[in-house]
Structure formats: structure tokens, C-alpha cells
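Student: here is a sequence with its predicted model. Questions after.
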Protein chains: 2
Amino acid sequence: MTELLSPQALEDSLRDIGATRYHNLHPFHGLLHGGKLNKGQVQAWALNRYCYQAAIPRKDAALMSGLTDRELRREWLHRILDHDGFGDDPGGLERWLTLTDGLGLDRDYVMSMEGALPATRMAVESYVRFVGERPTLEAIASSLTELFAPTIHRERISGMLENYRFISDDVMTYFQRRLTQAPRDVEFALGYVKREATTPERQRAVLDALRFKCNVLWTQLDALHSAYVEPGRVPPGAFVPEGNA
Amino acid sequence: MTELLSPQALEDSLRDIGATRYHNLHPFHGLLHGGKLNKGQVQAWALNRYCYQAAIPRKDAALMSGLTDRELRREWLHRILDHDGFGDDPGGLERWLTLTDGLGLDRDYVMSMEGALPATRMAVESYVRFVGERPTLEAIASSLTELFAPTIHRERISGMLENYRFISDDVMTYFQRRLTQAPRDVEFALGYVKREATTPERQRAVLDALRFKCNVLWTQLDALHSAYVEPGRVPPGAFVPEGNA
């Protein structure tokens, strides 16, 4: 890329990345939402995804450690509050644990991450490192998968409630909450990126950052698919659903 | 050190470090509080110290990025709220700017940090890096200079109000607020360190971390003293008080 894109053209390019690389395109997503997985497979998804959820406040703190602008820190901070909770709000991570509780998983086991796939943990840690090491613009751009999240969350809520008798309304509050949180977050992040990516090099870096983040999410579903669907080879030490042991 | 100290003996050793290395022992501290500085020198102190204040939320975010324990993150988070502000509270950094405003310094100039001493900025950045790179135990231990802060804040409030006609009560709110915040913070951090430093190696690391932090503070006063008191050689590009130009 050698040409400077207009802010709108940059947004369009970012949205193109979502249209071709976001993990709603992964076959595991279709299986999950279409009711094609058994309870053990859904458990595996939920406990692996916990690792990602648990890393979110850490990556947001890593991002904030590089922010020299107080207003920007104050803006970004509410993401940590959303996930870790604040005051009366138990936070998104607690709501995720409500989901894993509802799936019959032991909370200590989930939180220990011992049963998570190594590929999940590596992907998640590479995300935290990316955000901590890259320039703020790229770190913020990597959050832009939230542009595509509301669609997947809506599909998830309706698909999972409809298709799994072991999923009830009250364990899906994480996603319900994200339906309002993610658009607010992404509006700020998208505005920032469109404003700050003022050279072709910075625009390329922004697009690469979003591709990287899509890879982080895709890799996690690949690992789940490989371990629990096809070929279904669970790596040594990882969670083995009951009945598969 | 080859012996394991009791938690109380560890606390005593930490307090010994404060008694021999905390920056209240630096001659600049005595000059500042004793009314021996002119307004330009106090301005130099305030605008340099702004760099340190501005880095505090970043170092706390760096620390949080390494915390895998949600409860610990929730505990640590209020430090960021204290400094950056939250809701109705404008925060400690804003209160520091009230002080620099009161000293007649241009706020944009202070916030740009352009006039700060290079040694100040290097010391401050080394602190942020230390906290981000070292194990959580050492990162937390480096905050323990707060054990010694209330004394210095009290001296500062009374000494500065008494001795400088250009210092009024309303610009000293930063320190008044820290009188209640610092003891609450340090109680948690000291408890954590005493509980977690369970081997001689970890205890040594904790003591070294506090020594490092004392060096961060001492270095800043050394640089101020050298630039603005004796020999009074202001490095190229740094703040030059009016009348000295």
C-alpha cells in the first residue's frame, strides 16, 4: 500500500478484514451456534474461551501502561471495569464463570486454566504481548474486532438458547451485556484509529494489527476444532469431556 | 542474606531502608520544606515531579497487566482511579496540576514535560519499566515507599504553607488527599509482600525492589539539586526560572 486512504476508505478496509477473517467464518462457530456440538464440546469451548476473557483486562492494562494521555486512560479504563467489575457490577469475567458454572464445570478448574489447550493460551498471551509492545495506535486497532462482535453475540445468544437444553437465559448474560458494551467501546477505538492513522505506513500497521487480532481469535477455534471435533485429538493434559475419557 | 526473616523482621528491614534511603533525607527536601528555595526553584521541583506523578497510573497499569488474579487487579485498580480520577473526583494528577497552576506555570508546558530534566524522565521511565518487567512481588514491593510518604507529606504541607507566600492551602490538596490514600494503599501492599516473600531469595528481591524505588526518588532530587541549587547548571533545553535566563 503506498496511497493514503481517506478515513472512510480505511474503515471500509477494516470492515473488509472482518468480512474475510473474523472467527464467525470458522466452521466451529457454525457448529456451536447451530446446536451441532455436544455438551462436552461446548464445555471445552467455554473453558478455553475463559483464558481469553481472563486476559482482556490484562491486555487493557498493558495498553494503558503506554498511554501518556490521561483522558485516553480514563476512556480506556472502563474496559477494565467492564471485565473485572466495579462496585455492584461483578463484571464480565464473573459473568463468563456463570456460564461455565451453568455448563457444570468446576470453577477452580476453569480458573486454573489447566485444562485449556496450549494453543489457546499461547494465542492469548501473544495478544497481551502485542498490545503491550506495539505502538498505541496498533494496540488500539487490535481491539477493532469489536466492530464485528455484536453480530456474533446475537447469533450466539439466539442459537445457543434455541439449540442446547443445557444453556439457559441466565448463563448468557455475558453476551447480552456485551451487546451494549462493545459498540460503545468500538466507536471510540474506531474514531481514534481513523483520526490517528494519518500516513500510509500507519494505516498499513492498523490493518495488520486487526489481521493479527483476527488470527488470535481464529487460532483459538482451530485449536478447539482440532482437539474436540476433527480429528478430535485432545493434546496431552487438556480437558477431556466426560464420556470421552 | 541466607536466612529466612520472619514477616515482622522483613517489615523492619523494609523500614530500615526507608530510614536510610528515602528522599526525605536528601538536602533538597530540607531546602524545599524549610522555605529556603525561591519560587523558580519550587517551580522546577513541581514541574519535574509532574513527570513522576504522570507516570504513576502507567506503572500501576503495567503492574496490572501482569496480574492474573482478578481480586488483586480489582484491589490495585483504585490506585489508577485515585490518580487519573473517576466520576466526580478529578484525581491526583489534576490536583498536581492545580499546584503547578498555583505556581504560575503554564499547564501545557508542564504537561508537555519539555522542561523537565532528562534525569527525571529517565528515572521515571525506568520505574515504569521495572514494574512492567519484574515479577509481581517485586513490582508491588517497589510501591512500599508509601510507608514513608505520610511523614514527608505532612512536613511538606506545613513547611511549604508556612514558608512560601506563593503557596496557598488550596494548591496543597494533592498532599492532603495522599495522607489518607497512601496508608490504605500501603497496608495492602505491605501485607501482600509479607505474605508472599516466603523464601530468602524472594525477601532479598523485595528489599532490592524497595532500594531501587528509593533510588528512583533520590535521583530526581539529585538532578533538581544539581540543576537548580548547586552547582545550578541547568541542562540544555530544561526549564529556566524567570530571572535566571
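Tutor: Received the coordinates, thanks. Fair warning: this is a prediction, and the values are worked out from it, not measured in the lab.
Student: so does the helix or strand harbouring A:Ala62 get close to chain B?
Tutor: Element membership for A:Ala62 (DSSP states H and E) is helix A:39-64. Yes - Helix A:39-64 is in contact with chain B by Cβ under 8 Å from any Cβ of the partner chain, via A:Ala54, A:Pro57, A:Arg58, A:Lys59, A:Ala61, A:Ala62, A:Leu63, A:Met64. To be clear about C-beta, it is placed using only N, CA and C from the backbone, and glycine gets the same treatment.
Student: per-residue confidence for the residue lying closest to the last one once chain neighbours are set aside?
Tutor: On the basis of Cβ to Cβ, 6 or more residues apart in numbering or on different chains, the spatially nearest residue to A:Met64 that is not a chain neighbour turns out to be B:Ala61, at 3.7 Å. Each residue has a pLDDT score; the one for B:Ala61 is 98.
Student: one more: A:Met1?
Tutor: Looking at A:Met1, the pLDDT reads 49.
Student: buried ones in the helix or strand hosting A:Phe212?
Tutor: With elements taken from DSSP H and E, the one containing A:Phe212 is helix A:200-228. For helix A:200-228, burial by neighbour count (16 or more other Cβ atoms under 10 Å in any protein chain shown) applies to A:202-203, A:205-207, A:209-228.
Student: and A:Lys59, how far from A:Leu72?
Tutor: Separation of A:Lys59 from A:Leu72 (Cβ to Cβ, to the nearest Å) stands at 16 Å.
Student: what about these two, which has more around it?
Tutor: A direct count of neighbours by other Cβ atoms under 10 Å in any protein chain shown for A:Lys59 and A:Leu72 places A:Lys59 higher, at 24 against 16.
Student: which ones are touching the more buried one?
Tutor: Contact analysis of A:Lys59 by Cβ atoms under 8 Å, 6 or more residues apart in numbering or on different chains lists A:Tyr127, A:Val128, A:Val131, A:Gly132, B:Ser65.
Student: flag every residue of chain A that's near chain B.
Tutor: Taking Cβ under 8 Å from any Cβ as the contact definition, chain A meets chain B at A:54, A:57-59, A:61-68, A:70, A:73-74, A:77, A:80-81, A:84-86, A:91, A:93, A:128, A:132.
Student: which among the residues you listed end up buried?
Tutor: Buried, going by 16+ other Cβ under 10 Å: A:54, A:57-59, A:61-67, A:70, A:73-74, A:77, A:80-81, A:84-86, A:91, A:93, A:128, A:132, out of the residues of chain A next to chain B.
Student: how about stretch A:86-100 as CSV, C-alpha atoms only?
Tutor: Only the C-alpha atoms of stretch A:86-100 are listed here, as CSV (Å, rounded to 0.1, in the frame of the first residue of the first chain):
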residue,chain,number,x,y,z
PHE,A,86,-16.6,-2.4,39.9
GLY,A,87,-18.8,-1.6,42.8
ASP,A,88,-22.1,-3.6,42.4
ASP,A,89,-21.2,-4.9,38.9
PRO,A,90,-19.5,-8.3,39.2
GLY,A,91,-18.0,-7.8,35.8
GLY,A,92,-17.8,-9.7,32.5
LEU,A,93,-15.3,-12.3,33.8
GLU,A,94,-17.7,-13.2,36.6
ARG,A,95,-20.5,-13.5,34.0
TRP,A,96,-18.3,-15.8,32.0
LEU,A,97,-17.8,-18.0,35.1
THR,A,98,-21.6,-18.0,35.5
LEU,A,99,-21.7,-19.6,32.0
THR,A,100,-19.0,-22.2,32.9
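Student: quick one: buried residues of that stretch?
Tutor: Buried residues in stretch A:86-100, counted by 16+ other Cβ under 10 Å: A:Phe86, A:Gly91, A:Gly92, A:Leu93, A:Arg95, A:Trp96, A:Leu97, A:Thr98, A:Leu99, A:Thr100.
Student: so which of those residues is the closest to chain B?
Tutor: A:Leu93 (5.9 Å; Cβ to the nearest Cβ).
Student: number of nearby residues for A:Ser168?
Tutor: Residue neighbour count, defined by other Cβ under 10 Å, stands at 11 for A:Ser168.
Student: tally of neighbours for the residue nearest to it when sequence neighbours are not counted?
Tutor: Leaving aside its sequence neighbours, A:Ser168 sits nearest to A:Gly102 (Cβ to Cβ, 6+ apart; 6.6 Å). Each residue near A:Gly102 was counted by other Cβ under 10 Å, and the total is 15.
Student: thinking A:Gly102 is in contact with A:Tyr164, fair?
Tutor: No - A:Gly102 is not in contact with A:Tyr164 according to Cβ atoms under 8 Å; the separation is 10.4 Å.
Student: neighbouring contacts of the lowest-mean-pLDDT helix or strand in chain A?
Tutor: None of the helices or strands of chain A scores lower by mean pLDDT, DSSP states H and E than helix A:149-163, at a mean of 89. For helix A:149-163, contacts defined as Cβ under 8 Å, 6+ apart pick out A:22-24, A:29, A:32-35, A:42, A:167-169, A:172, A:175-176, A:178-179, A:182-183, A:186.
Student: which of these count as buried?
Tutor: The neighbour-count test (16+ other Cβ under 10 Å) marks A:22-24, A:29, A:32-33, A:42, A:167, A:172, A:175, A:178, A:182, A:186 as buried among the contacts of helix A:149-163.
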